[in-house]
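Undergrad: sequence and predicted structure below; questions after.
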Amino acid sequence: MPDPQRGRPTLRCLTDDLGLELPDLGTDLGLLDHPFVAELRRIAPTSPDGQKRILSIDRPLVYRIRVSSERGATWLEDAKSVVWLCSAHRREGGSQDDAYEFFSELHEAGRLLPNEDDSLRDRAEAAIRLQRGLTADLIELLGLALAEPDSEHRGDLGDWLPCRMLVLQGDGVEEIWCALSVRSADGAFVREAVRDLLFATLEQHVAPALFETRNDWPGGAIEWFEVVRLGVREPSAAT
């Protein structure tokens, strides 16, 4: 199934046309609280259905949206399933400062469509969203394992990265076993840096504890695609 279409403004449109400051990378530009971005979210899933073309621009196919007396220009990047808000401007029929004149000038200057900076920002946001989702699911799986010692818990972190967790208690120590896959749920290779960040998050969350890499698993074997870490701490250090 193709990814659902989503909307987001270009960086130029965000700062120049909408007058907004560029937020940190943890903010999805497509979820900003602004009337034009809200309207973009509404129409993005089915865009350009129901939209009228901006006829002053022959190619690429650019479509209009409306917010009060202002107009916006959108362009669907099929390969990424992204509907870009390329520009927004006030409608002043017959004026050289009219929205459609403004869009045409941007197009002729090569400044209407998203550029490489827009693509880089989109990828960076996606990477941060993924890492946050993975981290949240890892801590949740750890919580289940701590609540039910001696019971193995499995899950796909972020619906993407297979993980299993086991906590063993006895002899005055608590063992925290964690196995992360080198393959994602869809079979893609998981970069080592992603696993290292997750293991680092685990170590920080259960500190103080001593961790080491292991090639075994209590009561069973590990799969060839799993990387295992074991942390040992005093039970009194439990979170």
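TA: Done, it's in.

Undergrad: for the protein, give me the ranges with low pLDDT.
TA: 1-2, 93-97, 236-239 (pLDDT under 70).

Undergrad: so residue 230, which of the three states?
TA: strand (DSSP: H, G, I helix; E, B strand; the rest coil).

Undergrad: contact partners for residue 46?
TA: Counting by C-beta atoms under 8 Å, 6 or more residues apart in numbering, residue 46 makes contact with residue 5. No exception for glycine: its C-beta is placed from N, CA and C like everyone else's.

Undergrad: look up how far residue 4 lies from it.
TA: 10 Å (C-beta to C-beta, to the nearest Å).

Undergrad: equivalent analysis for residue 198, please.
TA: Distance of residue 198 to residue 4, computed by C-beta to C-beta: 27 Å.

Undergrad: and residue 215, how many neighbours?
TA: Residue 215 has 9 neighbouring residues, counting by other C-beta atoms under 10 Å.

Undergrad: helices and strands around the longest helix seen in the chain, which ones?
TA: Scanning the chain for the longest helix, with DSSP state H as the assignment, gives helix 116-147. With contacts taken as 3 or more C-beta pairs under 8 Å, 6 or more residues apart in numbering; DSSP states H and E, helix 116-147 sits against helix 11-12, strand 153-157, strand 161-170, strand 173-181, helix 192-206.

Undergrad: mind listing what's buried in it?
TA: For helix 116-147, the buried set under the neighbour-count rule, 16 or more other C-beta atoms under 10 Å, comprises 118, 121-122, 125, 134-135, 137-138, 141-142, 145-146.

Undergrad: export the residues you listed as JSON lines, with columns for distance to residue 153.
TA: What follows is the buried residues of helix 116-147, written out as JSON lines (distance: C-beta to C-beta, whole Å):
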{"residue": "118", "distance to residue 153": "40"}
{"residue": "121", "distance to residue 153": "36"}
{"residue": "122", "distance to residue 153": "34"}
{"residue": "125", "distance to residue 153": "30"}
{"residue": "134", "distance to residue 153": "16"}
{"residue": "135", "distance to residue 153": "16"}
{"residue": "137", "distance to residue 153": "11"}
{"residue": "138", "distance to residue 153": "11"}
{"residue": "141", "distance to residue 153": "6"}
{"residue": "142", "distance to residue 153": "9"}
{"residue": "145", "distance to residue 153": "5"}
{"residue": "146", "distance to residue 153": "10"}
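
Undergrad: biggest separation within the residues you listed, which pair?
TA: Farthest apart among the buried residues of helix 116-147 by C-beta to C-beta are 118 and 146. That separation is 42.6 Å.

Undergrad: C-alpha coordinates for stretch 197-213, PDB please?
TA: Provided in PDB are the C-alpha atoms of stretch 197-213 (Å, rounded to 0.1, in the frame of the first residue of the first chain):
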ATOM      1  CA  LEU A 197      21.300   4.700  20.700                       C
ATOM      2  CA  LEU A 198      18.600   2.400  22.000                       C
ATOM      3  CA  PHE A 199      21.100   0.400  24.100                       C
ATOM      4  CA  ALA A 200      22.500   3.700  25.400                       C
ATOM      5  CA  THR A 201      18.900   4.800  26.300                       C
ATOM      6  CA  LEU A 202      18.300   1.500  28.100                       C
ATOM      7  CA  GLU A 203      21.600   1.900  30.100                       C
ATOM      8  CA  GLN A 204      20.700   5.400  31.100                       C
ATOM      9  CA  HIS A 205      17.200   4.400  32.200                       C
ATOM     10  CA  VAL A 206      18.300   1.600  34.500                       C
ATOM     11  CA  ALA A 207      21.400   3.200  35.900                       C
ATOM     12  CA  PRO A 208      23.400   2.400  37.900                       C
ATOM     13  CA  ALA A 209      24.000  -0.900  36.200                       C
ATOM     14  CA  LEU A 210      26.900  -2.700  34.500                       C
ATOM     15  CA  PHE A 211      26.300  -3.700  30.900                       C
ATOM     16  CA  GLU A 212      28.000  -6.200  28.600                       C
ATOM     17  CA  THR A 213      27.500  -7.700  25.200                       C
END
